[in-house]
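Asks: Test case, fold it:
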Amino acid sequence: MKDQVLYQACENMQQEFIVLWERLVNIDTGTGHGEGLNQVAAIVAEQLTQLGASIQTIPTENPVEGSHIVGTFTGQGQGKILAMAHMDTVFPVGTAAKRPFTIKDNWVYGPGVSDCKGSIVLFLFAMKVLKMMQYKDYGKITCLFNCDEETTSPHSRHLITKLAQEHEYTLCMESGQVGDGVVMWRKGSAQMQVEVFGKTSHAGSNPENGRNAIMEIIHQMQQISALENLEKLTTLNFTTIKSGDRVNVIPDYAVAQADIRVLYSDELDRIENMALKLAQQTLIPDTTVRVSLKRGNPPFAKNQGTDNLVQLAQEIYGELGKELIAVGAGGASDANWAASVGGVTIDGLGPVKGGKNHTEHECTKLDSVVPRMYLLAKMLMRLGAGQ
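Replies: The predicted structure is shown next:
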């Protein structure tokens, strides 16, 4: 049954929500832009302090690139919950001035409006709702707002894994999926590089003396691409290739790169082992092939704990007469790091996105703010109380 008091509190806070949202979006916070990131971090820390949280400010390895904020609320119950959202965006300095926070009909536009500043504000206002209702029947609610998510969280991933192990649940606040969804799994990522070393020669006078690196790398790309396994949702796509600089010369070097996405960690082991074996099976004699795999985010695989959180979220959303869908995603987020250490994780709890994130079309559905605030606040209450 819909909690009328809670819902009304969320509705009453929408205009105040928009004011803070606009303030954050209109500050450039591209990854590494410490000036803007520290401005947002200071605003967030001030908001958390006013709500009664204890604050930790954790600089990155290079402090001029920004800091992470950890806020902790201590209650009187048992449940321990971690909520995460990131302050950094992919946009360069000057984007906020060029494309400031704007509302058009039911859509809100601006750099980072969906990914992920609306989610930061959503958590802050969910906690405002709990404070207004004097709700403290939780053990601990911790929030992590990091500043390097867009580059796979190289400085904060250790914080994420540490905090995830200290809490029973992790709520990742990436934007809600198109169609009003949450994320129940995310693929892990890796990059493969394939290099071929051949022999140069004149393409017209004596091509037979050359060992064409382009022809060999095409052969290797065809072999390795066959390692894709769509039944397991494993994708392997070559996306770059470079070789040669003169049209009349047989190239002696070629390099290609592939994007790999997997839902299961052992798939990366399989691909790496098989690719190394295939590298020995050359088409062009006297060429040498070198294969290397660079692993990125680990997979956030399907699991029962997440299924239970999705079921709870759908139950709460149903109180509003709304349907919450659950989807998987090929892209990674900080949820991957939390899930990699066994954190019971759900993602996509932020306001619902519209246009594609990371582009000038990024936008958020304005009328999703209140339902999503209700959803998050109620999840914090239910999980905090151990329900």
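Asks: which residues are contacting whichever helix or strand Glu46 is part of?
Replies: According to DSSP states H and E, Glu46 maps onto helix 34-50. Outside helix 34-50, the residues that touch it by Cβ atoms under 8 Å, 6 or more residues apart in numbering are 20, 23-24, 27-30, 55, 57, 63-69, 71, 87-88, 93, 117, 120, 124, 143, 145, 147. For glycine as for every other residue, the C-beta is placed from the backbone atoms N, C-alpha and C.
Asks: Would you mind giving me the PyMOL syntax to select the buried ones in those?
Replies: Of the contacts of helix 34-50, the buried ones go into a single PyMOL selection, burial set by 16 or more other Cβ atoms under 10 Å:
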select buried, resi 20+24+27+28+29+30+65+66+67+68+69+71+87+88+117+120+124+143+145+147
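Asks: in the stretch 201-350 of the chain, which spans are strands?
Replies: With strands called from DSSP state E, counting those that start in this stretch, the stretch 201-350 of the chain shows them at 201-202, 235-243, 249-250, 253-262, 288-295, 325-329, 344-346.
Asks: Out of those, which gets nearest to Thr170?
Replies: Set against Thr170 and scored by Cβ to Cβ, the strands of the stretch 201-350 of the chain come closest in strand 344-346, at 4.3 Å.
Asks: which outside residues touch the closest one?
Replies: Contacts of strand 344-346 (Cβ under 8 Å, 6+ apart): 164, 168-172, 182-184, 300, 303, 305-306, 308-310, 313, 335, 338-339.
Asks: tell me the mean pLDDT for that strand?
Replies: Throughout strand 344-346, pLDDT has a mean value of 98.
Asks: from here on, count from 13
Replies: Sounds good: first residue 13 from here, last item strand 356-358.
Asks: Would you give the sheet partners of it, along with the direction of each?
Replies: Sheet pairing of strand 356-358 (DSSP bridges) gives strand 181-184 (parallel).
Asks: outside of the partner strand, which residues touch it?
Replies: Identification of contacts with strand 181-184 by Cβ under 8 Å, 6+ apart yields 91-97, 176, 195, 321, 345-347, 350-351, 355-361, 388, 391-392, 395.
Asks: Check which helices and strands the next helix or strand after that strand is in contact with.
Replies: Next in sequence after strand 181-184, counting helices and strands by DSSP H and E, comes strand 193-198. Counting by 3 or more Cβ pairs under 8 Å, 6 or more residues apart in numbering; DSSP states H and E, the packing neighbours recorded for strand 193-198 are helix 316-330, strand 337-341, helix 346-352, strand 356-358.
Asks: Would you pull up how far the shortest one lies from the middle of the chain?
Replies: The one in question is strand 356-358. Here strand 356-358 is found 14 Å from its chain centre; the criterion is Cα atoms, centre = their mean, to the nearest Å.
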